[in-house]
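Q: coords please:
(one chain, ligands or ions: 1)
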Amino acid sequence: MAELRVQARSPALSQPAAEDGLLGPAAIRELAQRLDLRPTKTLGQNFLHDANTIRRIVRTAELRPDDVVLEVGPGLGSLTLGLLPAAARVVAVEIDPRLADLLPQTVADRRRDLADRLTVVHADALRVTELPGPAPTALVANLPYNVAVPVLLNLLELLPTLDRALILVQAEVAERLAAPPGGSAYGVPSVKAAWYGQVRRAGAVSRKVFWPEPNVDSGLVALVRRPPPPGDRAATFAVVDAAFAMRRKGLRAALARWAGSPSAAEARLRAAGIDPADRGEQLSVTDFARLAATDPVQP
Ligand code: SAM
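A: The predicted structure is shown next:
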């Protein structure tokens, strides 16, 4: 994991279009040309080029002046430039070395006054195990879409100081993350996110504000951390995975392998006060935690 510090370099990039230094379409084009960047789908590289969307995301994040913001995937710096005035520090974790390398210069060119608030870390957010500097208090990110859920869950687990998150994800993922029990959108991401906090959708974002334009809609999701339900996280997540692997089946059948047999599953479900005919989508995270805490049935 390499930490990159702001270094003066020339030639300077074009002057900021707005006084807040945010990146518009021309600046995004210029930065991409400078790197000869061809955005990849594998890394979910869809860059925001609309200052109003950036301002809206930052407003919705309700940052406090003392917040240490963790941004995953800063890309060309669109959101980073919006976050810097609103927080004490921004720690930006970027997997693409060319983007990680360019970001300090972009910030120095456009918001030199705030450049010392930024730390860029060249790393994979799925594998990161420690971060430099003060512990992050808020995650604000336009996440790479194909790894959005694992990145979110990984960081919530790794960083107990993160007490809020506002993430931009594919609309379908936003719906799943925020879904309450009982509907078809409710599944593994909904239950696991609910382990960490209260989740709600925080607005739709048009595909027109990205370059390149994705072929899916996007949405914001806000999470506010709360104490998890009593019980063991790994054990709870194991039963959640088992229940939704066969989501159309009743829990007695779906959890047979997890419990050892259908009758053992039934005994544990009854011990947790859950009807064995229920399906996984009817259970809240607290129900799953209670079920995981029941005693295994001896064969
Ligand atoms: N924040 C920028 C914006 O809003 O314009 C870029 C967002 S783009 C959707 C996702 C960014 O995440 C890209 O810069 C990509 O290189 C980076 N990325 C992809 N996978 C990553 C990972 N596993 N860890 C850290 N960064 C990642």
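
Q: name the SS class of Ala222, please.
A: Here Ala222 is recorded as strand under DSSP: H, G, I helix; E, B strand; the rest coil.

Q: and Thr294, by the same measure?
A: Secondary structure, three-state DSSP: Thr294 is coil.

Q: start the count at 776 instead of 1 going forward.
A: Shifting the count to begin at 776 puts that one at Thr1069.

Q: show the pLDDT at it.
A: Per-residue confidence for Thr1069 comes out at a pLDDT of 97.

Q: swap in Ala792?
A: So Ala792 comes in at 49 (pLDDT).

Q: and the residue nearest to Ala826 when sequence neighbours are not counted, how far is that from Pro956?
A: Using Cβ to Cβ, 6 or more residues apart in numbering and skipping residues adjacent in sequence, the residue nearest Ala826 is Leu797, 4.0 Å away. Glycine gets a C-beta too; all of them are placed from N, C-alpha and C. From Leu797 over to Pro956 the distance is 40 Å, taken as Cβ to Cβ, to the nearest Å.

Q: who's more crowded, the two?
A: Neighbour count, other Cβ atoms under 10 Å: between Leu797 and Pro956, Leu797 has more, with 25 against 15.

Q: my read is that Ile829 contacts Gly799, right?
A: No. If you go by Cβ atoms under 8 Å, Ile829 and Gly799 don't touch, sitting 10.0 Å apart.

Q: and the residue nearest to Gly962 when sequence neighbours are not counted, what does it touch?
A: With sequence-adjacent residues excluded and distances taken as Cβ to Cβ, 6+ apart, Gly962 is closest to Phe1019, at 5.3 Å. Shown in contact with Phe1019 (Cβ atoms under 8 Å, 6 or more residues apart in numbering): Gly962, Val963, Val966, Gly1055, Glu1056.

Q: for Arg831, same thing?
A: Gly978.

Q: hang on, the earlier thing: can you name the two of the contacts of Phe1019 that sit furthest apart?
A: Pairwise distances across the contacts of Phe1019 peak at 10.6 Å for Val963 and Glu1056 (criterion: Cβ to Cβ).

Q: redo the contacts of Phe1019 as JSON lines? Include distance to Ala977.
A: Below are the contacts of Phe1019 laid out as JSON lines (distance: Cβ to Cβ, whole Å):
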{"residue": "Gly962", "distance to Ala977": "20"}
{"residue": "Val963", "distance to Ala977": "21"}
{"residue": "Val966", "distance to Ala977": "20"}
{"residue": "Gly1055", "distance to Ala977": "26"}
{"residue": "Glu1056", "distance to Ala977": "23"}
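
Q: closest one of those residues to the ligand?
A: If you rank those by distance to the ligand using Cβ to the nearest ligand atom, Val963 comes first, at 19.5 Å.

Q: pLDDT at the closest one, what is it?
A: For Val963, pLDDT reads 98.

Q: can you check what pLDDT the model gives the closest residue to it other than its chain neighbours?
A: Leaving aside its sequence neighbours, Val963 sits nearest to Phe1019 (Cβ to Cβ, 6+ apart; 5.0 Å). Listed pLDDT for Phe1019 reads 97.
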